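Colleague: Provided below are the primary sequence and the corresponding predicted coordinates.
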Amino acid sequence: MKSRFSIFTLIGPGLLIAATGVGAGDLAGAGLAGSKLGLAILWVVFVGAFFKFVLTEGLTRWQLATGSTLLEGAVEHFGWPFRIIFGAYFLFWSYVTAAAIMSACGVTMQAIAPIFDDANGKLVYALAQSLIGVAIAWWGGFKVFQRCMSVCIFIMFITVIITAVLLKPDVTGVLKGLFTPTIPDLQGEGLTWTIGLLGGIGGTVTILCYGYWIREEGRTSTQSLKLCRLDLALGYIMTALFGLAMVIIASGTDASGKGVGFIIALANQLETAIGPAGRWVFLIGAWAAVFSSLLGVWQAVPYLFADLWRLSVRTPKEVSVSEDAKRSDNPVDTRGWSYRGFLIVMAIVPLIQVRYSFEQVQRNYVVTGAFFIPLLALGLLIMNSKTSWIGVKHRNRLSTTFVFLLILGFFAWAGYRKLRGMI
């Protein structure tokens, strides 16, 4: 029993990154995209999960080979232009992402327990769950956070996958959607939803959090690289399966309902297809998915702010601490004002956005996050290709370089298509 628990503990960060990205990105993004575009976009889920695996592996390889996180490396090698550009984007992304997650949590809980009217219920439940996330991040520490995430991961994965199977989807349609890449037009919005789904599947900026979580687990040398790759493979396989299940569940559903109406529309579809149990199984799984995303973002994203702040305005003493702690500890103080202050701001200020249309909030989230993916691919293409920075042994292989270029090429093509459509 002890060895099994140890193995589960070791592969934890991959499951954490999967659950954090799955919640709002896959439940809401894949659900809305599936309801609008149907099974035709199933291929996007697999491609998105594969892209995220390659990107996160590149980030991990950099960190284990150099002893510094990707954020630390970028600040060191790209200087103040990176700090300004990334810092501005990060603040905007944090606001949009927190709003999307709170909105999804509020919508899902209101569908489960409609005590209030829809508008007030979404707001009340969003605030309540946000404060629970703050309490776990503030007092619980990494281990308590990890245990809470484990429970949510088990619930969301089992319930959503079983629900998709019980629906008995059209096998021919599923296979065609997986192996015949197409982008439905949908009055010019098909490409937007496709880009958003590709960017949202498996997370966006939250990918950077993996580096801090493996430090919490004590993975600080290249000897842990094989374990991290196994860990990430498991996490992104789960991500892909969850995303596929959500598209299947949502395909054919009328997406005209906004907010709680959309979640209820999905739940009602399941009640009609497989009985009352299907409705409640889906709602519970949906809640576990979005709440695990909230826990992951609330615990890890303040790491990024605190680290960026430390790297931008650090004192000589803090520089010394950073160099000493590079490989042995996580240099971010989770009890410091920068971590906890950002946690509080992120948990409260975006409530302003929660009152807006659920679909609008989610679309803003997935599209904003998608911008980060080509930037991350470009950064890893440069940083992991320089032998003087990362060393000969761990620099990018030809196959990895090809994938990075493929990511850049796809987003450049998509951007051109969108720009052309606007002219």
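Modeller: Right, received. Where do you want to start? Residues are numbered from 1 along each chain as shown.
Colleague: Quick one: mean pLDDT over stretch 290-307.
Modeller: Mean pLDDT, stretch 290-307: 91.
Colleague: give me every residue that touches the nearest residue to residue 391 once chain neighbours are set aside.
Modeller: Nearest non-adjacent residue to residue 391, counting by CB to CB, 6 or more residues apart in numbering: residue 65, 5.7 Å away. Every C-beta, even on glycine, is put in place using the N, C-alpha and C of the backbone. Contact partners of residue 65, counting by CB atoms under 8 Å, 6 or more residues apart in numbering, are 222, 390-391, 393-394.
Colleague: Using neighbour counts, trim those to the buried set.
Modeller: 222, 390, 394 (16 or more other CB atoms under 10 Å).
Colleague: Buried residues in stretch 153-162, which are they?
Modeller: Result for stretch 153-162 [16+ other CB under 10 Å]: buried residues 153, 155-157, 159-162.
Colleague: Using JSON lines, lay out those residues together with distance to residue 266, pLDDT and secondary structure.
Modeller: Shown next, in JSON lines, are the buried residues of stretch 153-162 (distance: CB to CB, whole Å; pLDDT from 0 to 100; DSSP: H, G, I helix; E, B strand; the rest coil):
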{"residue": "153", "distance to residue 266": "21", "pLDDT": "82", "secondary structure": "helix"}
{"residue": "155", "distance to residue 266": "17", "pLDDT": "86", "secondary structure": "helix"}
{"residue": "156", "distance to residue 266": "14", "pLDDT": "82", "secondary structure": "helix"}
{"residue": "157", "distance to residue 266": "17", "pLDDT": "82", "secondary structure": "helix"}
{"residue": "159", "distance to residue 266": "13", "pLDDT": "84", "secondary structure": "helix"}
{"residue": "160", "distance to residue 266": "11", "pLDDT": "80", "secondary structure": "helix"}
{"residue": "161", "distance to residue 266": "15", "pLDDT": "84", "secondary structure": "helix"}
{"residue": "162", "distance to residue 266": "15", "pLDDT": "83", "secondary structure": "helix"}
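Colleague: now for the longest helix along the chain, which elements pack on it?
Modeller: As assigned by DSSP state H, the longest helix anywhere in the chain is helix 70-112. For helix 70-112, the packing partners by 3 or more CB pairs under 8 Å, 6 or more residues apart in numbering; DSSP states H and E come out as helix 42-66, helix 118-135, helix 260-274, helix 276-313, helix 337-348, helix 351-354, helix 358-370, helix 372-383.
Colleague: same thing but at 6 Å, please
Modeller: Applying 3 or more CB pairs under 6 Å, 6 or more residues apart in numbering; DSSP states H and E, we find helix 70-112 packed against helix 118-135, helix 260-274, helix 276-313, helix 351-354, helix 358-370.
Colleague: would a markdown table of those helices with mean neighbour count and distance to residue 251 be doable?
Modeller: What follows is those, written out as a markdown table (neighbours: other CB atoms under 10 Å; distance: least, CB to CB, whole Å):
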| stretch | mean neighbour count | distance to residue 251 |
| --- | --- | --- |
| helix 118-135 | 19 | 25 |
| helix 260-274 | 20 | 10 |
| helix 276-313 | 23 | 14 |
| helix 351-354 | 18 | 27 |
| helix 358-370 | 22 | 16 |
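Colleague: wait, which of the buried ones among the contacts of residue 65 is closest to residue 73?
Modeller: Checking the buried ones among the contacts of residue 65 against residue 73 by CB to CB gives residue 390 as the nearest, at 8.8 Å.
Colleague: Identify the residues contacting that closest one.
Modeller: Applying CB atoms under 6 Å, 6 or more residues apart in numbering to residue 390 gives the contacts 65, 384.
Colleague: can you put the buried residues of stretch 153-162 in a markdown table and add distance to residue 121?
Modeller: As requested, the buried residues of stretch 153-162 are arranged in a markdown table below (distance: CB to CB, whole Å):
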| residue | distance to residue 121 |
| --- | --- |
| 153 | 26 |
| 155 | 22 |
| 156 | 22 |
| 157 | 27 |
| 159 | 22 |
| 160 | 23 |
| 161 | 28 |
| 162 | 27 |
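Colleague: Mind picking the two most distant members of the residues you listed?
Modeller: Farthest pair in these, by CB to CB: 153 and 162, 14.7 Å.
Colleague: Among the contacts of residue 65, name the ones in helices.
Modeller: residue 390.
Colleague: which among the contacts of residue 65 gets closest to residue 408?
Modeller: residue 390 (19.4 Å).
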